[in-house]
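# Just need the structure, nothing else, for what follows:
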Amino acid sequence: MPELWLRYGSSYSILDVRSENLLKHYKISIEPMKHEKIKERLDGIGKGYDGIILLDTSDIALSIVGMLNKDVDLYATRADIAKAKGIKYLNNVSNIKGKFIFISRATVDPIFRYSCTLSRLIRNDAQVMNNVYANYIKQGVLEPHDYINGLDGISIELLYNDSGLLALSVTDVNESYNAVKDMLIKQDLDNCKACVLNPSVSDTLDDALLALWNVMGNVKDDGIIVLLAECRRGFSKALRMLIEGTGYDGYVEGLEYVNILNDAKKRYELCLVTMLPDVYIKRLGVIAFRGVNDALQYILKKGKHKVMVVSDAEIMDVRKD
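The predicted model follows:
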């Protein structure tokens, strides 16, 4: 019986599934980059920068800052993270003046398809996002270049999972979108009636729903999707407002994930493996399990005898639309 170790927030959950019930386990099997190789890629970055803007504040991103060894100011675009990390808060990204080094994580993105420095900067401008989201509802996936341009500096895009840094790109900031498009792992998935999936980074419900958005097109309608979502850091403002039953006017952070959640519930039987309180689960309108093997038994009892498992779902380029 295969034992599949699936990332579950800050730890792992072991899925015990019989070989005859496992359709396939998709995961990223790339060795993390060695320190020497990373340093070699960063050594070509010269001087003359006005600061480093962290659009990703993971331990990996902070280690990159240390390896850059630049005597410049360090900024974060979220006040709570800036305070927690002891760095400066950049409260208005739309008025960035100067030459900067941007550090961002490479993933998929439900509005822009790929998440890069450009898309993350747009997402930090509430006024611009109102227009972006209105266009996204009308047109579907958008190009970030239509909403931001002319930045001066370089982008360091980080592709990583729970095993470490898999790849990095150092490019002109205005080319960050194309860099991420090339970096993400191209993956063809089977179609299935039952799927267990998890992102490699799963701090919030939004992280898990990002993985869901990327993979659910490969699950047949009326199928079952089990999503590992520990949610130790909660969820975005829009999801909180959904749980609290409050309304909103215009775009609020995470509104696209509310739509992803609602779409998935219409098409599938959606289950969460989570530690969220029962009252939250009820308001989200999903089925909850405290362990992934309980969820697997539920799938099998429903007559779905072949289960597809997808790990690292947010850094795979799988969507066909």
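
# Show the contacting residues for the residue nearest to residue 79 when sequence neighbours are not counted.
Take residue 79 and drop its neighbours on the chain: the residue closest to it by Cβ to Cβ, 6 or more residues apart in numbering is residue 89, 4.9 Å away. Just so you know, the C-beta spots here come from the backbone N, C-alpha and C atoms, and that holds for glycine as well. The contact partners of residue 89, by Cβ atoms under 8 Å, 6 or more residues apart in numbering, come to 75, 76, 77, 78, 79, 82, 83.

# Including distance to residue 111 and pLDDT, could those go into a markdown table?
Shown next, in a markdown table, are those (distance: Cβ to Cβ, whole Å; pLDDT from 0 to 100):
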| residue | distance to residue 111 | pLDDT |
| --- | --- | --- |
| 75 | 23 | 90 |
| 76 | 22 | 88 |
| 77 | 17 | 85 |
| 78 | 18 | 82 |
| 79 | 23 | 81 |
| 82 | 24 | 82 |
| 83 | 27 | 84 |
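
# Inside helices: which ones of these?
Members of those lying in helices (criterion: DSSP state H): 79, 82, 83.

# Show me how far the helix or strand of the chain with the lowest mean pLDDT is from its chain's centre.
Sorting the helices and strands of the chain by mean pLDDT, DSSP states H and E puts helix 79-85 at the bottom, at a mean of 81. Centroid displacement of helix 79-85 relative to its chain, using Cα atoms, centre = their mean, to the nearest Å, is 20 Å.

# Which elements pack onto that helix?
strand 73-76, strand 88-89 (3 or more Cβ pairs under 8 Å, 6 or more residues apart in numbering; DSSP states H and E).

# Among those, which comes closest to residue 292?
strand 73-76 (33.3 Å; Cβ to Cβ).

# Can you give the distance of that closest one from its chain's centre?
Per Cα atoms, centre = their mean, the centroid offset for strand 73-76 relative to its chain is 22 Å.

# So which elements touch it?
Counting by 3+ Cβ pairs under 8 Å, 6+ apart, strand 73-76 packs on strand 51-54, helix 79-85, strand 88-89.

# Would you reformat those as TSV and include distance to residue 241?
Formatted as TSV, the helices and strands packed on strand 73-76 follow (distance: least, Cβ to Cβ, whole Å):
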stretch	distance to residue 241
strand 51-54	27
helix 79-85	18
strand 88-89	24
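
# Single out the most deeply packed of those.
Comparing these by mean neighbour count (mean count of other Cβ atoms under 10 Å), strand 51-54 comes out on top with a mean of 23.

# doesn't residue 270 fall inside a strand?
Yes. Judged by DSSP: H, G, I helix; E, B strand; the rest coil, residue 270 forms part of a strand.

# so what's it up against?
225, 227, 261, 264, 286, 287.

# related to what we said a few turns ago, which one of the helices and strands packed on strand 73-76 lies nearest to residue 69?
Among the helices and strands packed on strand 73-76, the nearest to residue 69 by Cβ to Cβ is strand 51-54 (11.0 Å).

# mind saving the C-alpha coords of the closest one as CSV?
What follows is strand 51-54, C-alpha atoms only, in CSV (Å, rounded to 0.1, in the frame of the first residue of the first chain):
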residue,chain,number,x,y,z
GLY,A,51,15.8,49.2,-2.2
ILE,A,52,14.5,45.7,-2.2
ILE,A,53,10.7,45.2,-2.3
LEU,A,54,9.5,41.9,-0.9
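
# what residue ranges in the stretch 51-200 of the chain are flagged as low confidence?
94-95 (pLDDT under 70).

# what are the ranges of the strands in it?
51-54, 73-76, 88-89, 99-105, 107-109, 113-115, 152-161, 164-172, 185-186, 192-197 (DSSP state E, counting those that start in this stretch).

# Any chance of those strands in a markdown table with distance to residue 293 as columns?
As requested, these are exported to a markdown table (distance: least, Cβ to Cβ, whole Å):
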| stretch | distance to residue 293 |
| --- | --- |
| strand 51-54 | 38 |
| strand 73-76 | 38 |
| strand 88-89 | 43 |
| strand 99-105 | 30 |
| strand 107-109 | 28 |
| strand 113-115 | 32 |
| strand 152-161 | 23 |
| strand 164-172 | 27 |
| strand 185-186 | 27 |
| strand 192-197 | 10 |
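
# These: which one's closest to residue 23?
strand 192-197 (5.6 Å).

# and whichever helix or strand comes after that closest one, what does it pack onto?
Next in sequence after strand 192-197, counting helices and strands by DSSP states H and E, comes helix 205-215. Using 3+ Cβ pairs under 8 Å, 6+ apart, the elements in contact with helix 205-215 are strand 107-109, strand 192-197, strand 219-228, helix 255-267.
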